[in-house]
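Enquirer: show me the folded form of this:
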Amino acid sequence: MNSSREILPSTVRMFPDYADTVLWFNEPIDYATARLSAALTHELSRWEQSYYDGLNRDYEWKSPGLARQFGVAGERLAQRVADELGDGFEIELVASVGDMPDRKFRSNGPALNPQAAQVFDALAIEIKALEEEVAHALEATRRGESTGWYAYAPRSNTVFTPRQPKD
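Expert: Got it, this is the predicted structure:
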C-alpha cells in the first residue's frame, strides 16, 4: 500500500559526554535501562573511554589517527545498536571527529534484541506524550489560558509563569 505518510523512526543519538553513557533519547539512557546486549554495552563503554583517552587537556584530539579510529569504531557501534533496536529506530552518531559528518544508521529488519527494543519503544511513547503535552500547553498559553507550567528558582524563591506571546 502506498501512503503519503511514512512512519518515521525514532532517533536515538549516540555520543560521548559526561553521563556515563553514550545513548541519548531525549535524555541520557543508562546502559542498565537500555538492556542492550552485555557485549555491546561493554564496547560502548570502551568506545566512550577511548574518547576521553584520545583528548588532550584542551579537549583536542591528541592525533588525527586517534580521532579517525574513534570515528570508525563509532560507526560500527552505531550500526550494532541499530541492529539490536530494529528498524523502528535510527541511530544518529554525533562523533565530533574532524571532517566526519554526523551520520544516521538504521537496521533493515526487526530488532535483534527484543528486550532493548521494548525499552526504547516505551521511552518513545513517553517522549511523544511529553511532546504532545508541551504542544497543548503552548496552544493554551497562546489563547491566554493557564497551563499549570512554571519554572522555580529556589535561591530567590521566585516562580516564573509562561509569558503571553506577542503577535
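Enquirer: which pLDDT value goes with the nearest residue to residue 110 once chain neighbours are set aside?
Expert: Nearest residue to residue 110 in three dimensions, chain neighbours excluded: residue 86, at 5.0 Å (Cβ to Cβ, 6 or more residues apart in numbering). No exception for glycine: its C-beta is placed from N, CA and C like everyone else's. As predicted, residue 86 sits at a pLDDT of 98.
Enquirer: any idea which residue sits dead centre in the protein?
Expert: Compute the mean C-alpha point of the chain, and by Cα atoms, centre = their mean the closest residue is residue 24, 2.7 Å away.
Enquirer: is it true that that residue touches residue 15?
Expert: Yes - assessed by Cβ atoms under 8 Å, residue 24 is found in contact with residue 15 at 6.8 Å.
Enquirer: buried stuff in stretch 79-99?
Expert: By 16 or more other Cβ atoms under 10 Å, the buried positions in stretch 79-99 come out as 79-86, 88-91, 93-97.
Enquirer: over to stretch 126-145?
Expert: 137, 141.
Enquirer: ok, stretch 28-36 next?
Expert: Those would be 29, 31, 34-36, for stretch 28-36 by 16+ other Cβ under 10 Å.
Enquirer: what separates that stretch from the chain centre, distance-wise?
Expert: 12 Å (Cα atoms, centre = their mean, to the nearest Å).
Enquirer: residues making contact with that stretch?
Expert: The contact list for stretch 28-36 (Cβ atoms under 8 Å, 6 or more residues apart in numbering) reads 12, 17, 19-21, 23, 41, 44-45, 81, 84, 113, 115-116, 118-120, 123.
Enquirer: what is the mean pLDDT for that stretch?
Expert: Stretch 28-36 comes out at a mean pLDDT of 97.
Enquirer: pull up the distance across that stretch, start to finish.
Expert: Using Cα to Cα, to the nearest Å, one end of stretch 28-36 lies 14 Å from the other.
Enquirer: picking up where we left off before, mind checking which of the buried residues of stretch 28-36 land in helices?
Expert: Taking DSSP state H as the definition of helices, the buried residues of stretch 28-36 contribute 31, 34.
Enquirer: let's have the buried residues of stretch 28-36 in TSV, adding distance to residue 143.
Expert: Output for these, formatted as TSV (distance: Cβ to Cβ, whole Å):
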residue	distance to residue 143
29	35
31	43
34	39
35	42
36	43
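Enquirer: closest to residue 73 out of the buried residues of stretch 28-36?
Expert: Distance to residue 73, by Cβ to Cβ, is smallest for residue 36 among those, at 15.9 Å.
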